[in-house]
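[1] Below is the sequence, then the predicted model.
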Amino acid sequence: MSIAADQARRPAAERGLRPAMAELHTWGGLLFGWLLFAIFVTGTVSYFRDEISLWMRPEIGQLTATTPEVAADAALRQLGEDSVGVRRWMIDLPTDRTPVTSVLVLRDPKTGPAAMRLTLDPASGAPIKVRNTAGGDFLYYFHFDLYMPQRFGRYLTCTAAIVMLVAFVSGVITHRRIFKDFFTFRPRKGQRSWLDAHNTLGVMALPFHVMITYTGLITLLPLYLPWGIEAMYPDGRQKFVVEMFDDAPPRKPLNVAAPLAPIAPLLAIASAEWQGGTVGRLVIDNPGDQAATIRLVRQDSERISHAVQSMLFDGSNGALISKTPVIGAAAEARGIFHGLHLARFSDIWLRWMFFISGVVGCAMIATGLVLWAVKRRRNAATVGHKIVDALNVTAITGLPIAIAAYFLCNRLVSAASPGRTVWEVGCFFAVWLIAGLHAAIRPQRAAWREQLWLAATLFAAAPFVNAVTTGRGLPRSLMNGDWVFGGFDLTALATAALFAMSAVYYARHGEAAA
Amino acid sequence: MRLTWLPMTARILTGFVGGYILSAIVALFLAKALPAVRLEAVLTGAMIGFVINVVAIIWAFAARSTWRACLGILIPCALFGAITPFIR
């Protein structure tokens, strides 16, 4: 039964479920599609946030692994030489993904910079001089903050996630022959091909898409649905934070000098408490003061759940102050949802599966956006259609171009330049803006062709520029088994190949491509 | 049949504004009503609230008539909204 026949059987005042869902899917998907595409792309890339951050700080060589005890001890000895006015050291110990110790130093602004990041050699504690860069963190934060002031970006991301879930439900209802159509692909048939591609991509990774979108909402739960918290925590939101994240505010300093207790025994106590688990992070408040505290946080890659497990010790005598209580079922469920979203627990193979599922999600959104335009090609001269066409190009090719430019900028701006983080981020937005203007000015077919080729060129350029500027080129990485650099360069080349193939296909078949 | 602007606006508002309000009220109701420690009740309420939000939007567009769409959101809002203030 066709949609039209389905409608004809109903009285005029009522309308069929499927056309209603198709309409909701079409317009909700269009309005939020560009934003969702940007969220999906930056989120997918963020599975390799640590690796991207390493590639963007090439000064960090291939380092040998150390134990948490050695790294913690070395870091504290190094940091202890400069503890005047320090309010907090947050020390992230090396992991099997990031071989260095990363430290955030928060300080009384009267005695020095309020916040300072340090990268330490894990074995010796000696600072490694690395270039200033936001690295993979920029793409990670953009994924939900959208680089907007206040919490505006996060509210927008939550709304987009709700619309994404609505699009899944309405899409499945619209698309009734899910199983049969999964094996249907009609290439080079214009609109039909885009529809088949959109359906197949959507259904292929549907369980992943639903999981990642719902769990994404869970990560922003206190922001989107704070009403229960407001009502049940009249004693203040801080209490909720303490109960959920086991993160109590620091004690007041006593201004009595006292050395920190030795760290190794504390690490051993924590490890025993967690049945052999390891410490991933040390949070030390008021170091050098008698009121100092040492909080040991369990490595988040050891468990699926992202519910924090930590132990708090008195910094001067090493006595246990508190530890994370056993949490309830809902808190554990929330922790598992949060952990599934971040995928910190996954090994490299599962990580790649997540990445590929994310790419499928990006392609699903992109084909949906293109399908909208192709289906209405006869209205191509209208202003509305032209805006959609331009925004499609800006999102689907413009954003990858901006990301490639961000990576290239990391190699081309002088490593010693103090303001280079601003340059890199500025470069990302400037290039994206120019891509948007280009898409608005050029005829639609030319815009696609030129931007597909530009994306291919920039991603292909990244490994070469890397080889020239760092001496850690692809052949050397492969010979040394450096899979962070080798993997990045190979992924960039594969991305370039994908864009080049799309460009060739588009040139040959136009919109009948796919 | 394509909807004219008035019923369409009504459904959009019902789905997106009403849907959020319903999910907020349900989350609040569950946070207060569930017999568990407060953290558990709050989290359960919010995790179910997200689902309610999505279902409400689907309902607002799936309902056969615009009246049914609006009432389907309004009545549970009123119901939970009326009970919630009286829970302890």
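    Sure thing, it's come through.
[2] which secondary structure element contains the residue of chain A found nearest chain B?
    In chain A, no residue comes nearer to chain B than A:Gly228, which is 2.9 Å away by Cβ to the nearest Cβ. All C-beta atoms are positioned from the backbone trio N, CA, C, and that covers glycine. Secondary structure from DSSP states H and E places A:Gly228 in helix A:227-232.
[3] and the residue of chain A closest to chain B, how many residues sit next to it?
    Residues contacting A:Gly228 under the criterion other Cβ atoms under 10 Å in any protein chain shown number 29.
[4] Flag every buried residue along the helix holding A:Gly228.
    Buried residues in helix A:227-232, counted by 16 or more other Cβ atoms under 10 Å in any protein chain shown: A:Trp227, A:Gly228, A:Ile229, A:Ala231, A:Met232.
[5] what does stretch A:298-308 give?
    By neighbour count on 16+ other Cβ under 10 Å, the buried set for stretch A:298-308 is A:Arg298, A:Gln299, A:Asp300, A:Ser301, A:Arg303, A:Ile304, A:Ser305, A:His306, A:Ala307, A:Val308.
[6] CSV for the residues you listed, including secondary structure?
    CSV is the format used below for these (DSSP: H, G, I helix; E, B strand; the rest coil):
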residue, secondary structure
A:Arg298, strand
A:Gln299, coil
A:Asp300, coil
A:Ser301, coil
A:Arg303, coil
A:Ile304, coil
A:Ser305, coil
A:His306, coil
A:Ala307, coil
A:Val308, coil
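[7] and residue 29, what pLDDT?
    No chain in the question, so chain A it is. In this model, A:Gly29 is scored at 95, pLDDT.
[8] hmm, I had chain B in mind actually
    Value listed for B:Phe29 in the pLDDT field: 97.
[9] got a list of what it touches?
    With contacts defined as Cβ atoms under 8 Å, 6 or more residues apart in numbering or on different chains, B:Phe29 is in contact with B:Gly45, B:Phe80, B:Ile83, B:Thr84, B:Ile87.
[10] Compare those and tell me which is most surrounded.
    Highest neighbour count within the contacts of B:Phe29: B:Gly45, with 28 neighbours (other Cβ under 10 Å).
[11] That one reaches B:Ile25, doesn't it?
    No: contact status for B:Gly45 versus B:Ile25: not in contact, 10.1 Å apart, counting by Cβ atoms under 8 Å.
[12] Just put the buried residues of stretch A:298-308 in CSV and tack on pLDDT and distance to chain B.
    As requested, the buried residues of stretch A:298-308 are exported to CSV (pLDDT from 0 to 100; distance: Cβ to the nearest Cβ, whole Å):
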residue, pLDDT, distance to chain B
A:Arg298, 96, 19
A:Gln299, 95, 24
A:Asp300, 92, 19
A:Ser301, 93, 23
A:Arg303, 92, 18
A:Ile304, 93, 17
A:Ser305, 93, 13
A:His306, 92, 13
A:Ala307, 90, 11
A:Val308, 90, 13
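[13] TSV for those, including distance to A:Ala75?
    Below are the buried residues of stretch A:298-308 laid out as TSV (distance: Cβ to Cβ, whole Å):
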residue	distance to A:Ala75
A:Arg298	18
A:Gln299	16
A:Asp300	19
A:Ser301	19
A:Arg303	24
A:Ile304	28
A:Ser305	27
A:His306	24
A:Ala307	26
A:Val308	21
